[in-house]
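Undergrad: model the following, please.
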Amino acid sequence: MIITIVYLTLFFSSCLTSCPRRCRCDSPRTIQCYRISTIPSNIAADIGKLYISHSKIRHLQFSDFSEMSGLQELVLFSSGMETIENNTFKALNDLKVMEVWSNKLTSIPRSLPSKLEVLKLGDNSIHSFNPPDFGGLTKLRVLEVPNNLLNTLSFEVFSPLSNLQTLILDGNGMHTISGVAYLPNLKYLNLENNKLMFFYENFFTHLPSLEYLRLAGNQLVRVPPQLPKSLLSLRLDRNNIKSVRARDLRQLESLFDLNLSGNQLLSADGLQVATNLTSLDVSKNQLSTLPQKLPSKLQRLDYSNNQISRIMVQDMKGLASLKHLFLDNNGMILFEDKALQWCVHLSNLAMEQNLLTSVPLGLPVTLSRLDLKGNKIDEVGVHDVKHLKHLRVLNLRNNKLTSIDDEVLESLPRLRHLYLDGNPWNCTCHLLKVRTLLLDKGTDIKEGQCAEPPYCRGERWMSSNTMLRQCETYTSDKGKESKRKLKVSKVSTGKSHTEDDDYDYDAEY
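TA: Sure, this is the predicted structure:
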């Protein structure tokens, strides 16, 4: 045992003393180098991982790596790389991971090692792929070439990559994709933030295992045809799609996540055929009504930033699994009583920036968050909220409230976050009882400022000494305790609490 320890000590000591200049040798087979101008020549042949970053190495050649036969992982980040000589990596027979990020490469390095499994070339200046680029890379699983200069792409170039599972080509400015490649194991394809307008009819039929497809930020005018049945998640946000037809989605039996936000949708009746959807985002479109029938398994539905002026009971029928519903910024003037009676698991409801004049009646008892910011609500009655025993977040900011009944707050035993700022509060003695109750409950509150009466206008009513002095008759029994709590409240209400739209609507409260 002692001999082993001595041997290891000498071994590590030898490794550290021979560590190249401007490099760190934290372990015998891992070296990290910074701000170097050439590949170090005194690196051991059995080195396993080499990381080089923030350097000035403009050119690579065969001699740079000819002695590193055991290298398995090579990372060259922000190193000024412009050219790589043919056969530079020929000696690296065991190389599995190669990352050349944020450099100045204009083409794919030639003659890459056949055992390569991961190739990442993001943030370079690669403008085209050539047929020989990926020849022999039958073990490649991950290929990432985002944020380069690929204007056009012939998909046939990927044909040798029979084991490819992840392909990322976002942010290239591509106008067209021609050709096809049979990639039986591809599961994740990212073509976001390009300029693609269409896909040929049979393009996706050659990707039979595709599960995640990212096409956001393009110029598509319709849902791509013949999408594979294996698809689980489809992102089409920020395109120019005007309608969703049943035939576009009928074959997607496994699809659970669909994002169509930021298009030009006028109609979305075809959504009903995607029967296994659990998450649907159609925000930032031009929809004036909800589809006649939505998938019954939906758990998250985002219809914000559309033109839906009213929600009726029939609109939400059958959505028993719904947990999160967003109806913000719709100009909504009518929300029918008990419109959500079918939503027996609804936890979060957001209806900010609409034209509602009252809290909708008959909201589900399961609600934990209710956001009514930016409406025209001038009163909240006990009958509006008394059944919401699980409510933890209530947002009523920027409405027309002048007062609020303390019985409303007493009826919400689990309330922890209350947003009341932006209302024209009339800071009469009635509010004193409300603020005492809030302090006793320990509620995190954004209270807002007094609009009336003139003597306390502009003061925050949770910490207004003027209001306290004017209402001594209300504090005769608890005057000292109230004043002590108010001093604390001046500190606690001044903290930065959860802001306007920072709610995590996926969190379980």
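
Undergrad: and the nearest residue to His430 once chain neighbours are set aside, what does it touch?
TA: Nearest residue to His430, sequence neighbours excluded (Cβ to Cβ, 6 or more residues apart in numbering): Ser403, at 6.0 Å. Placement of C-beta: from N, CA and C, glycine included. Residues in contact with Ser403 (Cβ atoms under 8 Å, 6 or more residues apart in numbering) are 425-426, 428, 430-431.

Undergrad: ok, now Ile47?
TA: 29-31, 68, 70-71.

Undergrad: can you select the buried ones among those residues for me in PyMOL?
TA: Here is the PyMOL command that selects the buried residues among the contacts of Ile47 (16 or more other Cβ atoms under 10 Å):
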select buried, resi 29+31+68+71
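
Undergrad: so how far is Leu412 from the residue nearest to His430?
TA: 17 Å (Cβ to Cβ, to the nearest Å).

Undergrad: ditto for Val142
TA: 50 Å.

Undergrad: more neighbours, those two?
TA: With neighbours defined as other Cβ atoms under 10 Å, Val142 and Leu412 compare such that Leu412 has more, 20 against 16.

Undergrad: SS state for that one?
TA: Secondary structure assignment for Leu412 (DSSP: H, G, I helix; E, B strand; the rest coil): coil.

Undergrad: so where's the protein uncertain?
TA: 1-17, 472-509 (pLDDT under 70).

Undergrad: which parts of it are helices?
TA: For the chain, the helices defined by DSSP state H cover 2-17, 246-249, 382-385, 406-410, 430-441, 465-470, 479-492.

Undergrad: now the second one: how far from the chain's centre is it?
TA: Taking Cα atoms, centre = their mean, to the nearest Å, the mean C-alpha location of helix 246-249 is offset from the chain mean by 26 Å.

Undergrad: give me the buried positions along that helix.
TA: Applying 16+ other Cβ under 10 Å to helix 246-249 flags 248-249 as buried.

Undergrad: how about the fourth one?
TA: Within helix 406-410, the residues that qualify as buried by neighbour count (16+ other Cβ under 10 Å) are 406, 408-409.

Undergrad: closest one of these to Met197?
TA: Val408 (53.6 Å; Cβ to Cβ).

Undergrad: roughly how far apart are that closest one and Val365?
TA: Distance from Val408 to Val365, by Cβ to Cβ: 16 Å.

Undergrad: measure how buried Glu67 is and give me the count.
TA: Count around Glu67 with other Cβ under 10 Å applied: 15.

Undergrad: contacts only, for it.
TA: Counted by Cβ under 8 Å, 6+ apart, Glu67 has contacts 43, 45, 91.

Undergrad: if I look at the first one, how far off is Phe77?
TA: Here the criterion is Cβ to Cβ. By it, Ile43 lies 18 Å from Phe77.

Undergrad: same question for Asn147.
TA: Applying Cβ to Cβ to Asn147 and Phe77 gives a distance of 14 Å.

Undergrad: okay, those two: which has more neighbours?
TA: Asn147 (21 against 18).

Undergrad: just give the nearest non-adjacent residue to that one, would you?
TA: In space, Asn147 is closest to Gly171, 4.2 Å off (Cβ to Cβ, 6+ apart).

Undergrad: so the one you found is in contact with Asn190, correct?
TA: No: using Cβ atoms under 8 Å, Gly171 makes no contact with Asn190, being 9.4 Å away.

Undergrad: what touches both of these two?
TA: Joint contacts of Gly171 and Asn190 (Cβ under 8 Å, 6+ apart) are Pro146.

Undergrad: coming back round to it: neighbours around the residue nearest to Asn147, how many?
TA: 19.

Undergrad: quick check: phi and psi on it?
TA: Per-residue torsions, Gly171: phi 70, psi 40 (degrees, to the nearest 10).

Undergrad: now do the contacts for Ala274.
TA: Applying Cβ under 8 Å, 6+ apart, the residues contacting Ala274 are 249, 252, 255, 258, 295.
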